[in-house]
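Visitor: predicted coordinates and the sequence they were generated for:
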Amino acid sequence: MISQPGGALLELEEVSRVYGEEVEVFALREVSLQIFPGDFMSIVGPSGSGKSTMLGLLGCLDLPTHGTVRIGGQDVGSLDDATRSRLRGDSIGFVFQQFHLIPHLSALGNVETALLYRDMRPADRRERAYAALEELGLGERADHRPVQMSGGEQQRVALARAIVTEPLMILADEPTGALDSANAALVLEIFAGLESPERAVVMVTHDAAVAETALRKVSMRDGRIVSDERRSVAAR
Amino acid sequence: MSSFRDLLGVAWTGLIARKVRTLLIMLGPIVGVAAMVGAVGLTESAKGDLKAKLAVLGTNLIIGQAGGSFGSQNPTFPDDVVHRVEAISTVTSAAATTDLASVVALPTEGGSDFYQSFPVPVRAADLDLPSVLQVPLIDGRWLNPSDIALHARSVVLGAGLAKQYAFLPGETRTIKLNNANYGVVGVLGNVALDPDLDNAVFITQWAAKNDFATDGKPNKIYVRSVTGQTQQTADAIPTAINLGGPDQVSTQVPSDVLKASSQADKTLQQTALFAGLLALAVGGLGIANVMSISVIQRSSEIGIRRAVGHSRSKIASQFLLESLFVGILGGLGGAALGVGVVYLVSAIAHWVVVIAYSRIPIWMGLALLVSVAAGLYPSIKAARLEPLETLRLG
């Protein structure tokens, strides 16, 4: 178990996730994990190893059957849906393999979605969303809809949506899985640029090359963590 | 508050992003409200001319007729009948007339045989008869105090009679009443509530007494009552006139007949209203159906919204607001369409447009209610979607 001073951003304690009622299937089995500010980590493992379940629990999109998930020391399971949703919106930025942009909204609209219901003036919201797009080199594409953009651009919009709320943790699910190698390299470069002492970046992947870019590598198999390794920047 | 504004924006954007689908689900409330507005509008407008006429004539005119006791041939009222009737607190004005059955009116020198066989009714009338009837003169003037003071032999013709006599506006015409020459001074307009007056000749009470030696007792009285008190006033008139004596008085409210015929065909109206309600209900099912499918189609969007921090209640509110917008816009569209149809059909059929504007908000409210109720299930379904399943991770 790796521990670090200053407290974990996110913590799984003896977490199990069981599906099915008559026949119980353990997707995760008594997993404990701590994610700290500054972590740049990958979670790797073959299909069925529990990566996606892990991602759902880390992202507060799902609740454990047993055990505790804490964000900033707060037990996620004890919160009502509205509070948990707000916590998720404030703390975590998601990037998905299939981009998952809302098709009828422009790039700007998609980024703005993450800033809704936050007691913010529409003009301020637009300005912040635009700044996030600019940061990822998509300022000129702000008015374009997802269908008018390439895969790489769509993934960058998704990244802008993930960072616009300045979350404590970026959670990415196979972020380069749907991209060609050039775009994949660009996206990975952006991910590397997101590294910061205050923020954790977590990539769930089965792509060894992607996993190698991370400084911490958590390997999973059959619903358990089989290894949790750290590397220095020099070893990257 | 800003949260609600955000919600409105999200719901609105969701609707306009799929214009055809939105229009299709809006058809339910549109057709429903249009059918109801149209049903009532068209059935009422078909009788609109009668309603308009009724509005002009008023429904507060009462006609009293002397009935007389058993056996009397020409029953009459007492001399002071107008005074007696005006003692009733709900009476606003009254005027009496006297039938002069013995007087023969001859419009020209010839044709006396004809006019003796088919006499024109001659009536001695009070000076304020036109104002009680609320009927204007279409030519010249009515009988006035100068006619009495100057003992002038003036006569006013009913509108129908003027036509029959081929009387031209402004023409100087003399007619004979029992050999006495009378000058025509005016023509009374059509009296829709007592068409008998259209074919009568009117002279002053003074002329009746002086030239034809009548006793001057009236036998018919026209009474205007306070609006809304017409029937009570009509019931009180016989007592006020005969004061417990044996004379019979019959009263009638002539507008009642007109009112009855101006009523729209209620059965037709109710059938059409029912059809409108049915359309609304079917439309509601359509909304529920299409929105349920839409929730499935938009499951990825719902998953993303949940992932970026929108709570279940926000998702439910978003979809509920979409159905609310459908109800509002559909209701407005339906009302506009219904009113348009009523105007169009009325223009083609030459009807007077009658639209129950006060009832339109009720129907629009109904459309809104149906839409929101229909949106309830899809909204709950949307809120219950698990983001993990909709986002297909890994």
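Guide: Looks like it came in fine.

Visitor: just the strands in chain B please.
Guide: B:61-66, B:91-99, B:105-106, B:122-125, B:137-140, B:154-157, B:174-177, B:180-188, B:201-204, B:220-225, B:249-252 (DSSP state E).

Visitor: could you redo those strands as CSV and give each row distance to chain A?
Guide: (Each C-beta comes from the backbone N, C-alpha and C, glycine too.) Below are the strands of chain B laid out as CSV (distance: least, C-beta to the nearest C-beta, whole Å):
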stretch, distance to chain A
strand B:61-66, 64
strand B:91-99, 63
strand B:105-106, 85
strand B:122-125, 76
strand B:137-140, 67
strand B:154-157, 76
strand B:174-177, 85
strand B:180-188, 71
strand B:201-204, 77
strand B:220-225, 63
strand B:249-252, 69
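
Visitor: tabulate those (CSV), appending mean neighbour count.
Guide: Compiled in CSV, the strands of chain B are given as follows (neighbours: other C-beta atoms under 10 Å in any protein chain shown):
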stretch, mean neighbour count
strand B:61-66, 22
strand B:91-99, 21
strand B:105-106, 20
strand B:122-125, 24
strand B:137-140, 16
strand B:154-157, 26
strand B:174-177, 18
strand B:180-188, 19
strand B:201-204, 25
strand B:220-225, 25
strand B:249-252, 16
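
Visitor: with mean pLDDT as extra columns, can I get those in JSON lines?
Guide: Listed next are these as JSON lines, based on pLDDT from 0 to 100:
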{"stretch": "strand B:61-66", "mean pLDDT": "89"}
{"stretch": "strand B:91-99", "mean pLDDT": "92"}
{"stretch": "strand B:105-106", "mean pLDDT": "84"}
{"stretch": "strand B:122-125", "mean pLDDT": "92"}
{"stretch": "strand B:137-140", "mean pLDDT": "90"}
{"stretch": "strand B:154-157", "mean pLDDT": "93"}
{"stretch": "strand B:174-177", "mean pLDDT": "88"}
{"stretch": "strand B:180-188", "mean pLDDT": "92"}
{"stretch": "strand B:201-204", "mean pLDDT": "93"}
{"stretch": "strand B:220-225", "mean pLDDT": "92"}
{"stretch": "strand B:249-252", "mean pLDDT": "86"}
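
Visitor: which residue does the stretch 151-300 of chain B bring closest to chain A?
Guide: residue B:300 (6.0 Å; C-beta to the nearest C-beta).

Visitor: what is the burial count for that residue?
Guide: 19 (other C-beta atoms under 10 Å in any protein chain shown).

Visitor: which residues are in contact with it?
Guide: A:100, B:390, B:391 (C-beta atoms under 8 Å, 6 or more residues apart in numbering or on different chains).

Visitor: would you list the residues you listed in TSV and tack on neighbour count?
Guide: Below are the contacts of residue B:300 laid out as TSV (neighbours: other C-beta under 10 Å):
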residue	neighbour count
A:100	23
B:390	21
B:391	26
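
Visitor: with those residues in mind, which one is nearest to residue A:34?
Guide: Nearest to residue A:34 out of the contacts of residue B:300 is residue B:391 (C-beta to C-beta; 24.9 Å).

Visitor: got a list of what the closest residue in space to that closest one that isn't next to it in sequence touches?
Guide: Leaving aside its sequence neighbours, residue B:391 sits nearest to residue B:303 (C-beta to C-beta, 6 or more residues apart in numbering or on different chains; 4.2 Å). By C-beta under 8 Å, 6+ apart, the contact set of residue B:303 is A:100, B:385, B:387, B:388, B:389, B:390, B:391.

Visitor: list the residues that contact residue 137.
Guide: No chain in the question, so chain A it is. Neighbours of residue A:137 in contact, by C-beta under 8 Å, 6+ apart: residue A:156.

Visitor: let's do chain B instead
Guide: Contact analysis of residue B:137 by C-beta under 8 Å, 6+ apart lists B:130, B:156, B:186, B:187, B:188, B:189.

Visitor: repeat for residue A:104
Guide: Residues near residue A:104 by C-beta under 8 Å, 6+ apart: A:145, B:13, B:14, B:17, B:18.

Visitor: pretty sure residue B:387 sits against residue B:302.
Guide: Yes - counting by C-beta atoms under 8 Å, residue B:302 is a contact partner of residue B:387 at 7.4 Å.

Visitor: let me know the average pLDDT across the helix or strand where residue A:131 lies.
Guide: Here residue A:131 sits within helix A:122-135, counting by DSSP states H and E. Across helix A:122-135, the average pLDDT comes to 95.

Visitor: buried set for that helix?
Guide: Residues of helix A:122-135 classed as buried by neighbour count (16 or more other C-beta atoms under 10 Å in any protein chain shown): A:125, A:126, A:128, A:129, A:130, A:132, A:133, A:135.

Visitor: residue 215 - how many residues pack around it?
Guide: You didn't pick a chain, so chain A it is. Residues lying near residue A:215 (other C-beta under 10 Å) number 18.

Visitor: you answered for a different chain; I wanted chain B.
Guide: By other C-beta under 10 Å, the residues close to residue B:215 number 10.

Visitor: for it, list the residues it contacts.
Guide: With C-beta under 8 Å, 6+ apart, residue B:215 has these contacts: B:76, B:209.

Visitor: tally up the residues packed near residue A:98, please.
Guide: Neighbours of residue A:98 under the rule other C-beta under 10 Å: 17.

Visitor: okay, the residue lying closest to residue A:107 once chain neighbours are set aside: pLDDT?
Guide: Leaving aside its sequence neighbours, residue A:107 sits nearest to residue A:157 (C-beta to C-beta, 6+ apart; 4.7 Å). As predicted, residue A:157 sits at a pLDDT of 96.

Visitor: wait, residue A:157 sits on residue A:133?
Guide: Yes - using C-beta under 8 Å, residue A:157 is in contact with residue A:133, at 7.1 Å.

Visitor: quick one: low-confidence ranges for chain B?
Guide: B:1, B:68-72, B:244-247, B:264, B:392-394 (pLDDT under 70).

Visitor: would you mind giving the domain segments of it?
Guide: According to automatic domain parsing, chain B comprises the domains B:2-47+B:264-390, B:60-261.

Visitor: same list (the buried residues of helix A:122-135) but as JSON lines, adding distance to residue B:96.
Guide: Shown next, in JSON lines, are the buried residues of helix A:122-135 (distance: C-beta to C-beta, whole Å):
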{"residue": "A:125", "distance to residue B:96": "82"}
{"residue": "A:126", "distance to residue B:96": "82"}
{"residue": "A:128", "distance to residue B:96": "87"}
{"residue": "A:129", "distance to residue B:96": "86"}
{"residue": "A:130", "distance to residue B:96": "88"}
{"residue": "A:132", "distance to residue B:96": "92"}
{"residue": "A:133", "distance to residue B:96": "91"}
{"residue": "A:135", "distance to residue B:96": "97"}
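
Visitor: what kind of secondary structure is residue A:18 in?
Guide: Put simply, residue A:18 is strand when judged by DSSP: H, G, I helix; E, B strand; the rest coil.

Visitor: can you give me the pLDDT of the closest residue to it other than its chain neighbours?
Guide: The spatial neighbour of residue A:18 that comes closest, neighbours along the chain excluded (C-beta to C-beta, 6+ apart), is residue A:65 at 4.3 Å. With respect to pLDDT, residue A:65 scores 94.

Visitor: alright, that wraps it up for me.
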